[in-house]
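S.K.: Using only what follows, build the 3D model:
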Amino acid sequence: MLIILDRDGVINEYDGNYICSADDWHPITGSIDAVARLCHAGHRIAIATNQSGIARGFYDVDELDAMHDKLEQLVEAAGGCIDLIAYCPHHPDDHCRCRKPLTGLLGQIQSHYHLDSLAGAIMVGDSRKDLEAAFAADCQPVLVRTGNGTDTERHLDARPIPGAEVAIYDSLSTFTDALLSAEGW
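M.R.: Numbers count the residues shown, from 1 in each chain. Next up, the predicted model:
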């Protein structure tokens with residue numbers, strides 16, 4: 001199964017401030033192991049992340065690459081593999097098609113895997129934008145309470161995403177526990 005992860009707030013710590021360097025990029029406890037366990041169970045992992053800090057001038061593509069190299073090295077050291085990291089470098093005012101909640105990043109992932117659709121894929125995020133993108137691309141949306149997830153959950157109660165059933169877990173690690181348990185791992 002294809003599992004698409006948001007980055008900030010799902011894999012790494014995120015408090016609403018931009019993460020501008022590899023030194024400032026810190027994984028959430030258990031997230032790297034969770035990615036490795038998903039890989040070990042045969043799941044393919046892709047990441048879809050908005051990174052408007054590039055357009056805002058907070059960091060450049062080389063620094064983003066350093067953050068992603070750090071992430072990939074940690075996952076590989078734990079025995080896992082990230083197949084693809086798709087990111088949107090644009091400012092929200094650029095009106096691009098790749099910035100979540102639009103589905104351009106998910107389209108890149110679908111194309112990478114040569115899939116007719118993303119039906120059956122799971123997308124894990126911590127924001128409403130992640131959930132809306134997942135639903136629009138026919139993925140199963142999953143919310144984690146890390147990062148912005150607790151606030152997102154509170155707002156979902158007041159304003160649900162029409163037609164979307166959103167599974168909610170405390171973290172990527174608890175989502176992984178539940179998924180692998182259901183699969184008999």
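S.K.: following the top helix by length along the chain, which helix or strand shows up next?
M.R.: Determined from DSSP state H, the single longest helix within the chain is helix 61-77. Reading on from helix 61-77 to the C-terminus, the next helix or strand found by DSSP states H and E is strand 84-88.
S.K.: and the longest helix of the chain, what does it pack onto?
M.R.: helix 31-40, strand 84-88 (3 or more CB pairs under 8 Å, 6 or more residues apart in numbering; DSSP states H and E). Every residue, glycine included, has its C-beta placed from N, CA and C.
S.K.: Going by neighbour count, list what's buried in the helix or strand that the first one is followed by.
M.R.: Once helix 31-40 ends, the next helix or strand along the chain (criterion: DSSP H and E) is strand 44-50. Buried positions in strand 44-50, judged by neighbour count with 16 or more other CB atoms under 10 Å: Arg44, Ile45, Ala46, Ile47, Ala48, Thr49, Asn50.
S.K.: do stretch 74-92 as well
M.R.: Applying 16+ other CB under 10 Å to stretch 74-92 flags Leu74, Val75, Ala78, Gly80, Ile82, Leu84, Ile85, Ala86, Tyr87, Cys88, Pro89, His90 as buried.
S.K.: swap in stretch 113-128?
M.R.: In stretch 113-128, counting by 16+ other CB under 10 Å, buried: Leu118, Ala121, Ile122, Met123, Val124, Gly125, Asp126, Ser127, Arg128.
S.K.: for stretch 131-147, same thing?
M.R.: So, applying 16+ other CB under 10 Å, buried residues of stretch 131-147: 131-137, 139-147.
S.K.: now do stretch 60-72
M.R.: Result for stretch 60-72 [16+ other CB under 10 Å]: buried residues Glu63, Leu64, Ala66, Met67, His68, Lys70, Leu71, Glu72.
S.K.: So which residues of the protein form helices?
M.R.: Ranges of helices in the chain, per DSSP H, are 31-40, 61-77, 104-112, 128-136, 149-158, 172-182.
S.K.: closest one to Leu2 among these?
M.R.: helix 104-112 (7.6 Å; CB to CB).
S.K.: what angle separates that closest one from strand 84-88?
M.R.: Orientation check (axes from the mean of the first three to the mean of the last three CA atoms, to 10 degrees): helix 104-112 against strand 84-88 gives 150 degrees.
S.K.: on contacts alone, who are the packing partners of helix 104-112?
M.R.: strand 2-5, strand 44-50, strand 84-88, helix 128-136.
S.K.: Great, nothing more from me.
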